[in-house]
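Enquirer: have a look at this prediction, sequence included:
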Amino acid sequence: MNNGEKIKLLNEYIEESDNIVFFGGAGVSTESGIKDFRSKDGLYNEKYKYPPEEILSHTFFIKNPDEFYKFYIEKLNCLEKAPNICHEYLTKLEKSNKLKAIITQNIDGLHEKAKSKNIYNLHGSIYQNHCIKCNKSYPPEEIFIKKNYICTCGGIIKPNVVLYEEPLDNNIINNAIKYISNADLLLVVGTSLTVYPASSFIQFFKGKHLAIINKDTTPLDNLANLIINDDIKDVFNYLNKNLHK
Ligand SMILES: [Zn+2]
């Protein structure tokens, strides 16, 4: 089957399903101009005083918030970014009641911007920030525009982003697993499925069709019924044009 035929088949799966769950990774946001942390030309290969995976760790944040925020403000500001065809298509699919949940590893808030509703941000979101001392919350502009990360109480403001060494939110994990295990079509998009524990979520799927859409192959390709190694934008442009035809 060529890619065109595969995308057509994917569209048929979507048409016949009314319990779809979307599981997305960095590739979903690349088309919106947001760099993939782990890709060859992503952040992890740039040169900094410390490796990015060290800067983005809990220990580093507590010990060296100045250096953390220098990196965070410069590299993770997505406030100006706009949703792309994939985000927009999912919103339509959710409105038509076919899509039940969006589970994402991204922290850029683009699904919210596209007005999707049932979103589970596994790694948190740059849009929520709170003081680690008094719990007062702050909008992202406080950090990215005002460049302030000290609370009025003197405590440090922390973005609600899961840093290295930090656990994922239990409530979000449970919901993600619940939706995945009840779905009859799981769309896994733009993720290399190499980041634990996100990758393990896929194993809970016991529905009819598992489709993986990613530029490159993934270690879980053997679990999928349909693998499309193509441009995410092209795939979703096709799906969007053919929605409810
Ligand atoms: Zn405070």
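Expert: Received it, and whenever you're ready, just let me know what you need.
Enquirer: now the residue nearest the centre of the chain: how far from P83?
Expert: Taking C-alpha atoms, centre = their mean, the centroid of the chain lies closest to N106, which sits 2.6 Å from it. From N106 across to P83, the span is 11 Å (C-beta to C-beta, to the nearest Å). The way it works is simple: take the backbone N, C-alpha and C, and place the C-beta from them, glycine included.
Enquirer: where does S192 land on pLDDT?
Expert: In this prediction, S192 carries a pLDDT score of 86.
Enquirer: which residues does it contact?
Expert: Remark: with contacts taken as C-beta atoms under 8 Å, 6 or more residues apart in numbering, S192 is in contact with G25, R38, N214, D216, T218.
Enquirer: sec struct for S125, please.
Expert: Three-state assignment for S125 (DSSP: H, G, I helix; E, B strand; the rest coil): strand.
Enquirer: return the per-residue confidence for it.
Expert: 97.
Enquirer: check the offset of the strand or helix carrying I227 from the chain's centre.
Expert: Element membership of I227 [criterion: DSSP states H and E] is strand 226-228. Strand 226-228 has its C-alpha centroid displaced from the chain centroid by 20 Å (C-alpha atoms, centre = their mean, to the nearest Å).
Enquirer: give me the contact list for it.
Expert: Strand 226-228 is contacted from outside by 3, 6-7, 9-10, 13, 209-214, 217, 221, 235, using C-beta under 8 Å, 6+ apart.
Enquirer: how about a cut-off of 6 Å?
Expert: K6, A211, I212, I213, D221 (C-beta atoms under 6 Å, 6 or more residues apart in numbering).
Enquirer: how far does the lowest-mean-pLDDT helix or strand in the chain sit from its chain's centre?
Expert: Counting by mean pLDDT, DSSP states H and E, the weakest-scoring helix or strand in the chain turns out to be helix 198-201, with a mean of 82. Distance of helix 198-201 from the chain centroid (C-alpha atoms, centre = their mean) equals 13 Å.
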